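In: Sequence first, predicted model second:
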Amino acid sequence: MPELPEVETSRRGIEPHLLGRRIEQLEVREPRLRWPVPPDTAERVAGQRILALRRRGKYLLCDLAQGVLMLHLGMSGSLRVLPTRTAPGAHDHIDLHLSDGQCLRFRDPRRFGMLQWTAAPAEAHPLLRALGPEPLEPAFSGAYLHQRARGRRASIKTFIMDSHVVVGVGNIYANEALHLARIHPNRAAGRISGARLAVLVRAIRDVLAAAIAQGGTSLRDFVREDGKPGYFAQSLRVYGRAGQPCPRCGGHIHQRRIGQRSSFYCAACQR
DNA sequence: CCGGACGCCTGTCGGC
DNA sequence: TGCCGACAGGCGTCCG
């Protein structure tokens, strides 16, 4: 599921339920995620107050009095806030029981997600240290992308999906942003002008901001903390629309694999 | 350093 | 109806 808009939607949804609450207990029913949940995680966080809930790329960072609880939703993860007594389903792997009788429940059918405690600052964690800039912040500029793209022969789509270049852009929004910017997804990153990369930066910002405003995209697994879907799926211009007409020029939307990922584009207006 | 392929998992869908 | 392969929103690791 979750690209930046879905993680940010989750963050905003759960934040009011977590802030200032104490962690009564961390219940791990299934520790076998992308990386196994370390056995001492529950005792590291038990009794601690939640001071802040932040997002870095697709990671959620829960600041505690001691250290930080890191959470990644992987491909199929979602978070719900529920009464603690609610019976868990088959893929409800983790419950964070809160001091007010609610719990934060992590569901992840494919188990590509992660949960682990780390000492502050979380930014020093090996998985976060080398991440690129946040796409909605000023450091992600046309000049930055142009400089990073210099000499790179990888396709622009693969390039913007690389979290070391810019965080948060996954397969859906890479396709959408490239369509908005009229750039063919298979064009070599290093062979695109600075002016066009500046347009792409704006397109990435616009599509992510619009998706956040709609509560993200729900295709399969993603739901908000209250169980409702996000509504951006209806705004998708090319993703999942192979064979349909391009909303800009009426051309044919193609689908092909680029970098092992399904890619959608209009060959008429994306160059 | 770079680019491409490969796993890790489960669920679903289309074709035969 | 059942089986089987392909595919699905991520990403670290390995290899050439």
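Out: Sure, I can see it. Here the structure is a predicted model, which is why all the values come from computation and not from measurement.
In: pLDDT below threshold where in chain A?
Out: For chain A, the stretches flagged by pLDDT under 70 are A:1.
In: what's the spacing between the residue in it that DNA strand B sits nearest to and DNA strand C?
Out: The minimum distance from chain A to DNA strand B, using CB to the nearest atom of the strand, falls at A:R110 (3.2 Å). Where C-beta positions appear, they are placed from N, C-alpha and C, glycine not excepted. A:R110 sits 6 Å away from DNA strand C, going by CB to the nearest atom of the strand, to the nearest Å.
In: That residue touches A:L73, doesn't it?
Out: No. Judged on CB atoms under 8 Å, A:R110 makes no contact with A:L73 at a distance of 10.4 Å.
In: quick one: which helix or strand includes the closest residue to A:L53 other than its chain neighbours?
Out: If the residues on either side of it in the chain are set aside, A:L53 comes closest to A:E15, at 4.7 Å by CB to CB, 6 or more residues apart in numbering. Here A:E15 sits within helix A:4-18, counting by DSSP states H and E.
In: just the CA coordinates of that helix, formatted as PDB?
Out: Once non-C-alpha atoms are left out, helix A:4-18 reads as follows in PDB (Å, rounded to 0.1, in the frame of the first residue of the first chain):
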ATOM      1  CA  LEU A   4       4.000   8.800   1.500                       C
ATOM      2  CA  PRO A   5       0.400  10.000   1.300                       C
ATOM      3  CA  GLU A   6      -1.000   6.800   3.000                       C
ATOM      4  CA  VAL A   7       1.700   6.900   5.700                       C
ATOM      5  CA  GLU A   8       1.000  10.600   6.300                       C
ATOM      6  CA  THR A   9      -2.800   9.900   6.400                       C
ATOM      7  CA  SER A  10      -2.200   7.200   9.000                       C
ATOM      8  CA  ARG A  11       0.000   9.500  11.000                       C
ATOM      9  CA  ARG A  12      -2.500  12.300  11.100                       C
ATOM     10  CA  GLY A  13      -5.300   9.800  11.900                       C
ATOM     11  CA  ILE A  14      -3.600   8.100  14.800                       C
ATOM     12  CA  GLU A  15      -1.800  11.100  16.200                       C
ATOM     13  CA  PRO A  16      -4.700  12.500  18.300                       C
ATOM     14  CA  HIS A  17      -5.200   9.000  19.800                       C
ATOM     15  CA  LEU A  18      -1.600   8.500  20.800                       C
END
